[in-house]
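> Just the structure for this:
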Amino acid sequence: MSNLPEPNAEWLITNGLGGYASGTVSGRLTRRYHGLLIAALREPAGRFMMLNALDAAIAPRDGTGKGASIGEQVFDRTSDALPLVEFALEEGLPRWVFESDDLKLHKRLLLNHDQNTVLVRYMLEASRSAVRLVLRPGINFRGHDDWVSTALQERYAVTWDGSCCEIPAGSDGLVLRMQCDCRAEFVSNGDVAGVTFELEQRRGYEFQGSVYSPGCFILDISPGQEVTFSASTESREVMGALLPADAQRMAVQRRRALLQRPATPIRTGVPARLVLAADTFLFHPPSRRKDEIWARAAGDQVRSVIAGFHWFGDWGRDTMISLEGLTLTTGRRTEAGWILRTFARYVKDGLIPNLFPEGEEKGLYHTADASLWFFHSLERYLKFTEDFTTLRLLLPTLREIIDAHLDGTKFGIQVDPADGLLKQGAEGYQLTWMDAKVGDWVVTPRRGKAVEINALWYNALCCMASWMTLLQDEEQKERFAGLSERVRHSFLRRFWCERAGHLYDVVDGESGDDLSCRPNQIFAVSLPHPVLDREHWTQILDVVTRELLTPVGLRTLSPRDPNYKARYDGDLRARDAAYHQGSVWAWLIGPYIDAWMKVHPDRPADARAFLEGFVQHLDQACIGSISEIFDGDSPHTPRGCIAQAWSVAEVLRCWAKTTS
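This next block holds a predicted model:
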């Protein structure tokens with residue numbers, strides 16, 4: 001990336017545990033989630049804001065002349081600023097360059113993988129002489145989701161032993177440790193600064209907060225020298241095990257190794273950026289200690305997917321949809337197996353968990369489609385790996401899921417014996433992927449027989465029949481083949497609307513049949529086992545293209561619909577009213593391209609063109625990643641999470657798929 005992005009554009013790096021660092025290019029704190037160390041801790045803490053900010057300023061070492069700040073200042077807003085002349089991601093790691101007439105300073109930031117440790121590195125490239133660097137950390141210990149108005153502690157017990165500054169962050173032994181890798185003086189001069197978090201204000205949340213600084217680190221830096229400030233929740237032994245230069249080198253090596261895993265055509269350029277983005281979502285949950293014991297006993301490891309940053313945790317549906325793009329496309333097949341086997345252990349009443357609340361071991365199960373996406377993910381995994389040992393291992397779980405859906409399970413999820421179609425719905429719950437809810441208001445309940453749920457149900461039954469053939473179980477093959485054939489006949493009879501030329505979104509719903517033109521119908525064509533007869537594929541593709549396609553994904557509702565919302569903005573209620581009522585979802589470009597290539601199998605280059613809108617976006621909201629959603633109307637402003645797992649996964653998967 002060249003030139004400067006917008007000052008309020010954001011960056012994100014993660015540590016493989018669910019922890020992260022994130023902020024704006026300019027350094028301004030605009031979200032509650034902006035900080036240099038959001039640590040991933042064991043339950044019940046979850047992800048915790050440990051280091052909010054690090055003010056930096058330079059001055060001549062002899063004390064003559066006026067100093068200059070480096071980036072946005074939280075505590076001192078009166079100093080002249082050293083101009084920012086460059087921002088870039090190098091192997092996915094942020095680098096800033098500040099320059100004046102007689103001075104040039106580089107700043108780099110990284111998180112040690114599998115640790116809650118941040119390193120901020122400064123290198124003086126050009127200067128007439130050595131300069132003095134003053135670093136002032138800012139803290140307000142809180143859960144990363146907590147309001148920015150969370151009160152500061154009444155008293156911070158700050159200790160300095162000449163090399164390391166320690167601040168207890170609570171009564172459970174959690175400590176923030178800060179140090180520099182060179183000779184530095186720590187001056188204890190506590191200060192409090194007020195911060196206005198502008199994006200929180202725009203989103204209708206608490207936006208006035210405070211940040212406390214225990215003091216500042218003062219050190220000298222000479223031309224050509226590199227110094228590092230580190231902050232960590234780890235022990236001193238862990239902090240000292242890796243020198244900063246080695247940590248930087250290993251972080252770069254790890255990322256370069258990630259780029260050697262995928263197929264050659266996606267190792268460079270745009271797809272390479274997406275391969276690095278994919279890595280940010282794969283993590284080892286530190287709170288699942290019992291699961292870790294089970295996994296290791298079986299020779300596995302616990303792995304999952306953060307659905308999006310900053311506020312999502314790991315969600316079953318998102319994980320299953322993202323699995324192919326994040327792991328199989330990127331050459332991380334072992335981790336794909338870990339994820340599938342991890343989630344198989346969580347199946348309860350025939351359901352995959354919808355999500356795991358922050359810092360908790362137990363999942364919530366209110367989803368009608370995560371379990372069905374599990375079959376799809378396993379089918380893709382087997383296609384890439386031919387790991388039939390895993391198939392045999394998971395077979396009892398797969399049968400449990402099918403039987404639970406046939407017999408009926410929680411939330412009204414049950415096959416209708418009259419037609420073999422799958423229905424779902426329970427008062428107060430939103431069970432499909434269109435799951436917006438504000439208080440007691442379920443925006444798009446879609447109770448009844450939803451089109452994509454039944455497309456996924458058919459796909460799962462076909463997968464089972466195929467696997468039974470593979471395992472030479474003729475009796476079970478005939479059973480699943482019979483079930484799937486009944487679904488296919490009922491689906492066409494109930495969902496196809498001749499006068500509209502497209503599929504109903506829901507049939508047998510609370511208010512009858514819903515003919516809203518939504519993207520959910522594309523799954524009747526796009527899945528590996530399409531439930532819709534081939535004669536209707538072109539009609540579905542045409543209507544979705546005409547009504548829903550944008551340069552950055554599919555709208556969730558046709559603009560012709562009176563319920564269409566053109567913008568996703570305002571407070572929570574206004575945003576959720578638009579979440580699935582017109583907002584564009586990037587991940588839907590994946591099933592669209594799958595369907596398009598079934599209709600036009602000899603035109604992969606034309607399919608690639610549908611991804612071009614994401615190229616420019618990679619330098620917008622979150623540099624190097626893809627947002628969750630966009631406004632329905634042009635210019636399709638990015639909204640929601642700045643980095644979303646299934647957005648990155650589906651664009652990357654389709655980039656590889658359309659590479660000739």
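
> Val192: neighbour count?
12 (other C-beta atoms under 10 Å). Every residue, glycine included, has its C-beta placed from N, CA and C.

> Let me know the pLDDT of it.
Listed pLDDT for Val192 reads 96.

> which stretches of the stretch 401-550 of the chain form strands?
414-415, 422-423, 437-438, 441-442, 449-450, 496-497, 502-503, 506-509, 512-514, 549-550 (DSSP state E, counting those that start in this stretch).

> Nearest to Glu292 among the ones you listed would be which one?
Nearest of the strands of the stretch 401-550 of the chain to Glu292, taken as C-beta to C-beta: strand 437-438 at 32.0 Å.

> Pretty sure Leu355 sits against Trp315.
Yes - between Leu355 and Trp315 there is a contact under C-beta atoms under 8 Å: 4.5 Å.

> Those two - which one has more neighbours?
Trp315 (28 against 21).

> could you list every residue that touches that one?
By C-beta atoms under 8 Å, 6 or more residues apart in numbering, the contact set of Trp315 is Val305, Ala307, Asn354, Leu355, Ala370.

> rewinding a little: of all the strands of the stretch 401-550 of the chain, which one is nearest Gln115?
strand 437-438 (36.1 Å).

> so what secondary structure elements neighbour the closest one?
Judged by 3 or more C-beta pairs under 8 Å, 6 or more residues apart in numbering; DSSP states H and E, strand 437-438 is in contact with helix 572-578.

> Parallel or antiparallel, which strands does the next helix-or-strand element following the helix it packs on pair with?
Downstream of helix 572-578, the next assigned helix or strand under DSSP states H and E is strand 584-585. Sheet pairing here is set by DSSP bridges, and for strand 584-585 it gives strand 553-555 (antiparallel), strand 629-630 (antiparallel).

> thinking again about what came up before, filter the contacts of Trp315 down to the ones in strands?
Counting by DSSP state E, the part of the contacts of Trp315 found in strands is Val305.

> re earlier: is it possible to get JSON lines of the strands paired with strand 584-585 that adds mean pLDDT, distance to Val134 and mean neighbour count?
Converted to JSON lines, those look like this (pLDDT from 0 to 100; distance: least, C-beta to C-beta, whole Å; neighbours: other C-beta atoms under 10 Å):
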{"stretch": "strand 553-555", "mean pLDDT": "98", "distance to Val134": "45", "mean neighbour count": "28"}
{"stretch": "strand 629-630", "mean pLDDT": "98", "distance to Val134": "41", "mean neighbour count": "27"}
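
> just so I know, which of those strands lies nearest Leu652?
Among the strands paired with strand 584-585, strand 553-555 sits nearest to Leu652 (C-beta to C-beta), with 14.0 Å.

> Can you tell me what sits against that closest one?
519, 522, 544, 547-549, 582-589, 592, 630, 632, 647.

> hmm, back to that, go through the strands of the stretch 401-550 of the chain and name the closest to Ala241.
The nearest among the strands of the stretch 401-550 of the chain, by C-beta to C-beta, is strand 437-438 at 45.4 Å.

> Contacts for the closest one, please.
Under C-beta under 8 Å, 6+ apart, the answer for strand 437-438 is Gln430, Val443, Leu572, Arg573, Asp576, Ala577.

> On the three-state scheme, the closest residue to Ala307 other than its chain neighbours is what?
Nearest in space to Ala307, with sequence neighbours left out and distances taken as C-beta to C-beta, 6 or more residues apart in numbering, is Asp318 at 3.8 Å. Under the three-state scheme (DSSP: H, G, I helix; E, B strand; the rest coil), Asp318 adopts helix.

> Give me the neighbour count for Asp318.
Neighbours of Asp318 (other C-beta under 10 Å): 27.

> Which residues are in contact with it?
Each residue near Asp318 by C-beta under 8 Å, 6+ apart is listed here: Val305, Ala307, Gly308, Phe312, Ala645, Trp646.

> looking at these, which has the most residues close by?
Comparing the contacts of Asp318 by number of neighbours (other C-beta under 10 Å), Ala645 comes first, having 32 neighbours.

> coming back round to it: which of the strands of the stretch 401-550 of the chain comes out lowest on mean pLDDT?
Among these, strand 437-438 scores lowest, with a mean of 82.

> and that strand, which strands flank it?
Those paired with strand 437-438 in the sheet (DSSP bridges) are strand 441-442 (antiparallel).

> how far does the partner strand sit from the chain's center?
How far strand 441-442 lies from its chain's middle: 25 Å, per C-alpha atoms, centre = their mean, to the nearest Å.

> cool, stretch 574-587 as well?
Centre-to-centre, stretch 574-587 and its host chain are 17 Å apart (C-alpha atoms, centre = their mean).

> wait, is Gly173 part of a strand?
No - going by three-state DSSP, the assignment for Gly173 is coil, not a strand.

> burial of it, as a residue count?
Residues lying near Gly173 (other C-beta under 10 Å) number 7.

> ditto for Pro60
15.

> Verify the stated contact: it with Leu133.
No - using C-beta under 8 Å as the test, Pro60 is too far from Leu133 to be in contact (11.4 Å).

> Look up the residues forming beta bridges with the closest residue to Lys423 other than its chain neighbours.
In space, and not counting its chain neighbours, Lys423 is closest to Lys449: 4.9 Å by C-beta to C-beta, 6+ apart. With DSSP bridges as the criterion, Lys449 is bridged to Val507.

> and Lys449, how far is that from Asp514?
10 Å (C-beta to C-beta, to the nearest Å).

> count of residues packed around the spatially closest residue to Glu91 that is not a sequence neighbour?
Spatial nearest neighbour of Glu91, chain neighbours left out: Arg255 (4.0 Å); criterion: C-beta to C-beta, 6+ apart. Using other C-beta under 10 Å, Arg255 has 18 other residues around it.

> Look up how far Arg95 lies from Arg255.
According to C-beta to C-beta, Arg255 and Arg95 sit 13 Å apart.

> repeat for Pro417
62 Å.

> Give me the more crowded residue out of the two.
Remark: of Pro417 and Arg95, Arg95 carries more neighbours, 17 against 8, as counted by other C-beta under 10 Å.

> where does the stretch 551-660 of the chain dip in pLDDT?
For the stretch 551-660 of the chain, the stretches with pLDDT under 70 are 660.

> ok, back up a step: let me have the strands paired with strand 584-585 in a markdown table, extended by distance to Thr397.
Shown next, in a markdown table, are the strands paired with strand 584-585 (distance: least, C-beta to C-beta, whole Å):
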| stretch | distance to Thr397 |
| --- | --- |
| strand 553-555 | 32 |
| strand 629-630 | 33 |
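
> wait, which of these is closest to Val599?
Of all those, it is strand 553-555 that lies closest to Val599, at 15.8 Å by C-beta to C-beta.

> Run the chain-centre distance for the closest one.
Remark: strand 553-555 is offset 18 Å from the chain centroid, using C-alpha atoms, centre = their mean.

> what mean pLDDT does the helix or strand containing Ala88 have?
In this assignment (DSSP H and E), Ala88 forms part of strand 84-90. The pLDDT scores in strand 84-90 average 96.

> What strands line up against that strand, and which way round?
Strand 84-90 is paired, per DSSP bridges, with strand 93-100 (antiparallel).

> The stretch 501-650 of the chain: helices as residue ranges?
523-526, 537-547, 572-578, 589-599, 604-608, 613-617, 645-657 (DSSP state H, counting those that start in this stretch).

> Can you give me the neighbour number for the residue lying closest to Ala53 once chain neighbours are set aside?
Ranked by C-beta to C-beta, 6+ apart and with sequence neighbours excluded, the top spatial neighbour of Ala53 is Gly138, at 3.9 Å. Here the count is done by other C-beta under 10 Å, and Gly138 has 23 residues near it.
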